[in-house]
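Engineer: After the sequence you'll find the predicted model.
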Amino acid sequence: MGAFGAGPAGRRTRDREWPSVRAAVDGGRLSRLGLVRHHGLNPLAMKADHQVLASGYDVDDDAVTIHCYDPNWPGRDDVTLTIDADGIRQSTGEALIGWFRID
C-alpha cells in the first residue's frame, strides 16, 4: 500500500484525476467528479455510483482532502473526499473505490 490509497484505483485517482481537479479548482472552476462505489460486472450495480462538485481542497503531508457539494447531502458544506495512505473515503461513510473528473 502506497501513499494516497491502496491498489490500482487509488493510484489512478491520485496520479490521473487529482492533478486535473487541482488545476480546475486553482483556476477558479468547480470540478464535476464521478464517484465509483461498485466493483464488478453487474451493470445494475452502476446505480450505486454518484456525482459531486469539487470546490476546494487541502493538502496535508501525504493526504489530499477535496471539499465538495454532494446532492445526496443537501444543505451540508462539510462533505469531503480524502485520499491518503489508508485509502480513499468519503466523509459521509459511503463506500468509495475511486473517483474521476467528468469535466
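Structural biologist: It's in.
Engineer: all helices of this structure, in order?
Structural biologist: Applying DSSP state H to the chain gives helices spanning 7-12, 18-26.
Engineer: I'd like to know which elements the first one is packed against.
Structural biologist: Looking back up the chat, that one is helix 7-12. For helix 7-12, the contact count by 3 or more Cβ pairs under 8 Å, 6 or more residues apart in numbering; DSSP states H and E identifies strand 87-90, strand 98-101 as packing neighbours. For the C-beta atoms, the positions are set from N, CA and C on the backbone; glycine is no exception.
Engineer: Need these in JSON lines (columns: distance to Arg76).
Structural biologist: Converted to JSON lines, the helices and strands packed on helix 7-12 look like this (distance: least, Cβ to Cβ, whole Å):
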{"stretch": "strand 87-90", "distance to Arg76": "12"}
{"stretch": "strand 98-101", "distance to Arg76": "18"}
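Engineer: Tell me which of those lies nearest to Leu35.
Structural biologist: Smallest distance to Leu35 across the helices and strands packed on helix 7-12 (Cβ to Cβ): 5.0 Å, for strand 98-101.
Engineer: related to what we said a few turns ago, point out the most buried one among the helices and strands packed on helix 7-12.
Structural biologist: Between the helices and strands packed on helix 7-12, strand 98-101 has the highest mean count of neighbours, a mean of 22, where neighbours are mean count of other Cβ atoms under 10 Å.
Engineer: For Glu94, which non-adjacent residue is spatially closest?
Structural biologist: With sequence-adjacent residues excluded and distances taken as Cβ to Cβ, 6 or more residues apart in numbering, Glu94 is closest to Arg37, at 6.8 Å.
Engineer: And Gln51, how close does it get to Val59?
Structural biologist: Using Cβ to Cβ, to the nearest Å, we find Gln51 at a distance of 23 Å from Val59.
Engineer: Please disregard the earlier target; I meant Val79.
Structural biologist: Distance, Val79 to Val59, by Cβ to Cβ: 18 Å.
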